[in-house]
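In: model the following, please.
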Amino acid sequence: MSGSESSRGSKVSPSRQDVAKLLEMRRKMKSKTPYFRRFESWRFVRIDEPWRKPKGVDNHQRLSVKGWPHLVRIGYRVPKAARYLHPSGYRDVLVHNMKELEALSPEIDAARLATGIGKRKRIEMAKRARELGIKLLNGRNLLTAASKETEGETETDEKEDSKKKK
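Out: Numbering: from 1, shown residues only. This is a model prediction of the structure:
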């Protein structure tokens, strides 16, 4: 096996500096990418906006005639290492249970909790993610909700104790 073959098989994760450069490059490339529209979607209400490749024999857009919108081409693509990254620089990984959460790497991955997870499990998973040092992309207010719930439980316990004493 030659050196190039062995390097293809191994996945080396880029450093945080490399990721920052890749994200900046992606941002610049995206700013220069045209908005791709379906042919004559601006002209007829019945034609939706999402891209479809023009297939007509005399289609001006397919022939790349000057003055018509650009065609989707591979040259507009961003670098492979920068694709599918969250703007924070982490890989966006959908997590359904604790086992999937614990399999993530805190340096590379950020967790997004699936919508089918209930509130109690979400709070447990948010606590575990904090212990593991994994960033949660949609865990806003979960830990504050957890602290409020525990405070609420202690307040109700105190009220019950005071009622028992009376």
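
In: by mean pLDDT, flag the weakest helix or strand of the protein.
Out: helix 3-9 (a mean of 48; mean pLDDT, DSSP states H and E).

In: right, and the helix or strand after that helix?
Out: Going down the chain from helix 3-9, the next helix or strand is helix 16-32, by DSSP states H and E.

In: give the other helices and strands that whatever helix or strand comes next after that following helix contacts.
Out: Using DSSP H and E, the helix or strand that follows helix 16-32 in sequence is strand 91-95. Applying 3 or more C-beta pairs under 8 Å, 6 or more residues apart in numbering; DSSP states H and E, we find strand 91-95 packed against strand 109-113. Where you see a C-beta, it was placed from the backbone N, CA and C, and this is true even at glycine.

In: let's see it at 10 Å
Out: Packing contacts for strand 91-95, counted by 3 or more C-beta pairs under 10 Å, 6 or more residues apart in numbering; DSSP states H and E, involve helix 98-102, strand 109-113.

In: using JSON lines, lay out those together with mean pLDDT, distance to P34 and mean neighbour count.
Out: What follows is those, written out as JSON lines (pLDDT from 0 to 100; distance: least, C-beta to C-beta, whole Å; neighbours: other C-beta atoms under 10 Å):
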{"stretch": "helix 98-102", "mean pLDDT": "96", "distance to P34": "38", "mean neighbour count": "14"}
{"stretch": "strand 109-113", "mean pLDDT": "95", "distance to P34": "30", "mean neighbour count": "21"}
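
In: quick one: closest of those to K28.
Out: Closest to K28 of the helices and strands packed on strand 91-95 is strand 109-113 (C-beta to C-beta; 23.1 Å).

In: so which of the helices and strands packed on strand 91-95 gets nearest A20?
Out: strand 109-113 (15.2 Å).

In: quick one: distance of that closest one to the chain centre.
Out: Put simply, strand 109-113 sits 8 Å off its chain's centre (C-alpha atoms, centre = their mean, to the nearest Å).
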